[in-house]
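# need coordinates for the following:
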Amino acid sequence: MITTKKVRSTAKMVLSRTRRSLHPVLRMIERGDARYCPCCKSYLRRFKPYGEIVVRPEAMCGVCGSVERDRLMHLFINQKTDLLDGRRKKLLHIAPELSMRALFQSGDYIDYLSADLSDVSAMEKMDITEIQYPANTFDVIYCSHVLEHVPDDRKAMREFLRVLKPGRWAILHVPITADVTYEDPSVTDPKERERLFGQFDHVRRYGPDYATRLADAGFVVETHPFAEEMGATIATQCGLDPKEAVYLCRKP
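Residues are numbered from 1 along each chain as shown. Predicted structure coming up:
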């Protein structure tokens, strides 16, 4: 049976491959000196508007399709982690974004695995609340803007902790849109979810207490106000949200 999700997932995969093949052409079309995308290393006149509910005027790279969070994570991973140090490591990438996938596959010393519950472009189908791998399998886990869709996010966090090797790290990124995390499992109507949680398929809004939620799952959490640390000039040039933080999680 062909579902709407499968059709959208296939279309996304085709679009991603098409965009990647057109990078040289798009780079020429969009060329400028006001903006810089660290994901595809393109100098641009400006970023493109992006957003389904709230349209952000300068959010998406016209070459690789990266948005603010992708560019922030690309810079952070390059500058603050050991991902690209040449040592062999196994990486799990959940809900794989094309702009991040290129970074994670940039070295042959990275054993890369992408996974998703419904996206056919991923290498494996995976339910992150029941990960089909033994404990202590992965050196790095990257999961961005997924947990706000997961009813039992605490179970997913514990699963990530279980399959991560001791001493290794994960970035489990979510949108922080509330003062305190708010959820109500009784809300199932898509329109009401959109009103309360910002999107029809979101099941909660996270607040800065998200770090405590991660710590409760067993992680040692470092909160990095990285966009702010980069400074206003770089934040503007790279199209970063200056309020966005990175939650770096380590397994004890």
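
# mind listing the helices for the stretch 101-250 of the chain?
153-163, 190-197, 210-216, 226-230, 232-237 (DSSP state H, counting those that start in this stretch).

# quick one: closest of those to Leu147.
helix 153-163 (4.5 Å; C-beta to C-beta). Glycine gets a C-beta too; all of them are placed from N, C-alpha and C.

# what residues are up against Lys125?
Lys125 sits next to Ala115, Asp116, Leu117, Ser118 when contact means C-beta atoms under 8 Å, 6 or more residues apart in numbering.

# typo on my end, Leu161
If you count contacts by C-beta under 8 Å, 6+ apart, Leu161 has them with Ala217, Gly218, Phe219, Lys251.

# again, but for Gly107
Applying C-beta under 8 Å, 6+ apart, one finds that Gly107 lies in contact with Leu84, Gly86.

# check Asp209 too.
Going by C-beta under 8 Å, 6+ apart, Asp209 touches Val180, Thr181.

# tell me the spacing between it and Ala215.
Using C-beta to C-beta, to the nearest Å, Asp209 is found at 10 Å from Ala215.

# try Tyr206
Between Tyr206 and Ala215 the distance, using C-beta to C-beta, works out to 14 Å.

# more neighbours, those two?
Tyr206 (22 against 14; other C-beta atoms under 10 Å).

# does the more buried one have beta-bridge partners, and which?
Ile176 (DSSP bridges).

# please renumber so the chain begins at 55
Sounds good: first residue 55 from here, last item Tyr260.

# identify the residue nearest the most centrally placed residue in the chain in space, chain neighbours excluded?
Most central in the chain under C-alpha atoms, centre = their mean is Ser198, positioned 2.6 Å from the mean C-alpha point. Ranked by C-beta to C-beta, 6 or more residues apart in numbering and with sequence neighbours excluded, the top spatial neighbour of Ser198 is His227, at 4.1 Å.

# now for the one you found: which residues touch it?
Contacts of His227 (C-beta under 8 Å, 6+ apart): Arg123, Met127, Cys197, Ser198, His199, Val300, Tyr301.
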